[in-house]
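K.L.:
here is a sequence together with a model predicted from it:
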Amino acid sequence: MRPRPTRRRGTLTATAATLVALCAAQTLGAASAASAAPAPAPAPAPAHTATTAKAAVSSAQDRAARDIARSLGDSSWRTSLSTATLKSPGAEVPVSERATGSLRSRLSAADRDIAKAKGLDAGTGSLLRLRLGDPSMRAALAAGATPWVAAAVTDDDDRTVTAYDSQGRTHVLDAREAPAQPVYVVDIDSTKALAAGLDVVRKELAKAGIASVAPTNTVSALSSTAASAGFWTTKITAVHLNDDEEPWIKGDAEIYTLVSGFGLDGKVRVDPVDMPYLDSDGTVYRPNQILVNWSNYKYNLADAVMMEEDGSTNYRDLAKAIAAVLLTITDQGAYIPLVNAILDAMPDDWWTDDPDYVDSWYTLAQQSTGTLYGARGNGYLTVQPYFVEQF
């Protein structure tokens with residue numbers, strides 16, 4: 001189940017403006033309010049292809065669903081696929097790698113189209129996966145029923161989904177209620193796509209002049225610029241996202257967080273943090289994950305914007321859009337919250353399911369501790385200061 005609150009740009013803008021003023025007052029004391037005023041209006045984001053990317057990903061997945069459905073007329077292949085699916089802990093298989101002959105060629109072509117649409121490097125490898133739509137379908141699949149095949153929907157507002165059978169016929173299913181008929185869902189390996197995508201984001205941000213460090217999901221991945229004795233970080237000891245309705249045809253969430261602030265050189269920096277463990281809402285995860293490395297930041301404040309990868313995100317466009325706005329923000333001698341700037345950098349059509357805004361946390365400090373609820377009220381982080389000692 002994926003948490004997906006509605007975007008409210010006006011509310012966020014007002015919140016950000018208020019926090020800018022409050023933060024400036026706390027930081028500068030008697031300094032004038034003008035010193036904390038936001039930078040001039042950002043330049044427009046660069047031209048993007050979000051709609052085109054979504055259409056390309058959806059088309060490739062639909063073609064793959066049709067091809068796989070037709071292939072299930074072969075009983076030996078059908079049995080092999082169902083056996084592998086039922087044995088898999090997540091009831092999913094890398095279908096492109098298991099296929100042979102012409103089916104493998106067609107699925108490989110779909111994989112290439114998806115990688116290109118998402119702005120990923122050619123060496124990313126196969127992203128297509130096949131999974132059972134719902135655990136309730138396991139018994140029928142094990143009993144030998146021939147599954148239908150459907151492509152994962154790309155929009156949360158979709159109320160129906162089209163599935164294909166081995167004869168090429170179409171069946172319209174309710175996207176909100178899992179059918180009794182077993183259905184394979186053609187989806188993207190979001191864990192793999194997100195890891196590759198965040199690498200692209202880091203490279204693109206660095207190319208644009210916005211600093212970005214390596215992944216911060218482990219202590220060993222933190223910046224090497226820390227002092228010889230060690231450095232302070234903020235560690236997530238628990239994280240929870242609220243329960244929201246989600247179509248059965250979609251799988252687990254793939255969450256990442258964009259940590260932003262001003263680097264030691266006074267320029268805006270963005271550090272993407274992958275959170276691969278955060279699959280479901282309504283669950284408390286205890287990752288002990290490093291979120292912020294304070295040795296990278298000029299001020300004792302940073303922001304965090306939590307997002308979800310939803311299949312059709314073009315990571316190059318995402319990075320370029322963020323960079324186009326953040327490059328216009330300059331250090332004015334006081335910390336300026338950057339949450340609103342990051343959210344407003346994204347064109348409106350990127351808010352139709354991809355990339356999804358989950359929640360945000362303003363003004364995290366090195367001393368922040370305890371449970372911090374997100375600005376949207378969609379979840380909380382429990383954090384604590386953590387000192388990383390060097391050997």
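P.N.:
Nice, I can see it.
K.L.:
please count neighbours and contacts with C-alpha atoms only from this point.
P.N.:
OK.
K.L.:
and S360, what does it touch?
P.N.:
303-306, 339, 374-376 (C-alpha atoms under 8 Å, 6 or more residues apart in numbering).
K.L.:
which helix or which strand is home to it?
P.N.:
Taking DSSP states H and E as the definition, S360 sits inside strand 356-364.
K.L.:
what pairs with that strand, parallel or antiparallel?
P.N.:
strand 302-308 (antiparallel) (DSSP bridges).
K.L.:
for the record, mean pLDDT for the partner strand?
P.N.:
The pLDDT scores in strand 302-308 average 92.
K.L.:
quick check: A178 vs S82, distance?
P.N.:
Per C-alpha to C-alpha, to the nearest Å, A178 is found 18 Å from S82.
K.L.:
looking at these two, which is more packed in?
P.N.:
Neighbour count, other C-alpha atoms under 10 Å: between A178 and S82, S82 has more, with 25 against 18.
K.L.:
just give the nearest non-adjacent residue to that one, would you?
P.N.:
L141 (6.9 Å; C-alpha to C-alpha, 6 or more residues apart in numbering).
K.L.:
do M307 as well
P.N.:
Y357 (4.7 Å).
K.L.:
and for N288?
P.N.:
Spatial nearest neighbour of N288, chain neighbours left out: T237 (4.6 Å); criterion: C-alpha to C-alpha, 6+ apart.
K.L.:
and the one you found, how many residues sit next to it?
P.N.:
Based on other C-alpha under 10 Å, the number of other residues close to T237 is 18.
K.L.:
again with Y297
P.N.:
Look at Y297: counted by other C-alpha under 10 Å, it has 20 neighbours.
K.L.:
and for N314?
P.N.:
29.
K.L.:
how about N300?
P.N.:
For N300, using other C-alpha under 10 Å, the count is 16.
K.L.:
could you do S102 as well?
P.N.:
Neighbourhood size, S102 [other C-alpha under 10 Å]: 10.
K.L.:
please, which helix or strand holds it?
P.N.:
Per DSSP H and E: helix 101-117 holds S102.
K.L.:
for that helix, buried residues please.
P.N.:
By 16 or more other C-alpha atoms under 10 Å, the buried positions in helix 101-117 come out as 103-104, 106-108, 110-117.
K.L.:
mind checking the SS state of G197?
P.N.:
helix (DSSP: H, G, I helix; E, B strand; the rest coil).
K.L.:
where's it relative to K118, distance?
P.N.:
According to C-alpha to C-alpha, G197 and K118 sit 8 Å apart.
K.L.:
pLDDT weak spots in the stretch 251-391 of the chain?
P.N.:
Applying pLDDT under 70 to the stretch 251-391 of the chain picks out residues 251, 310-312, 347-355.
K.L.:
export stretch 379-391 as PDB, just CAs?
P.N.:
Below are the C-alpha coordinates for stretch 379-391, written out as PDB (Å, rounded to 0.1, in the frame of the first residue of the first chain):
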ATOM      1  CA  GLY A 379       3.700  10.200   8.800                       C
ATOM      2  CA  TYR A 380       6.400  10.700  11.400                       C
ATOM      3  CA  LEU A 381      10.100  10.200  11.800                       C
ATOM      4  CA  THR A 382      11.700   9.400  15.200                       C
ATOM      5  CA  VAL A 383      15.300  10.800  15.100                       C
ATOM      6  CA  GLN A 384      18.300  11.200  17.300                       C
ATOM      7  CA  PRO A 385      21.700  12.900  17.000                       C
ATOM      8  CA  TYR A 386      24.400  10.300  16.200                       C
ATOM      9  CA  PHE A 387      28.100  10.800  16.300                       C
ATOM     10  CA  VAL A 388      30.100   8.900  13.700                       C
ATOM     11  CA  GLU A 389      33.600   8.100  14.900                       C
ATOM     12  CA  GLN A 390      36.400   7.500  12.500                       C
ATOM     13  CA  PHE A 391      38.700   4.600  12.900                       C
END
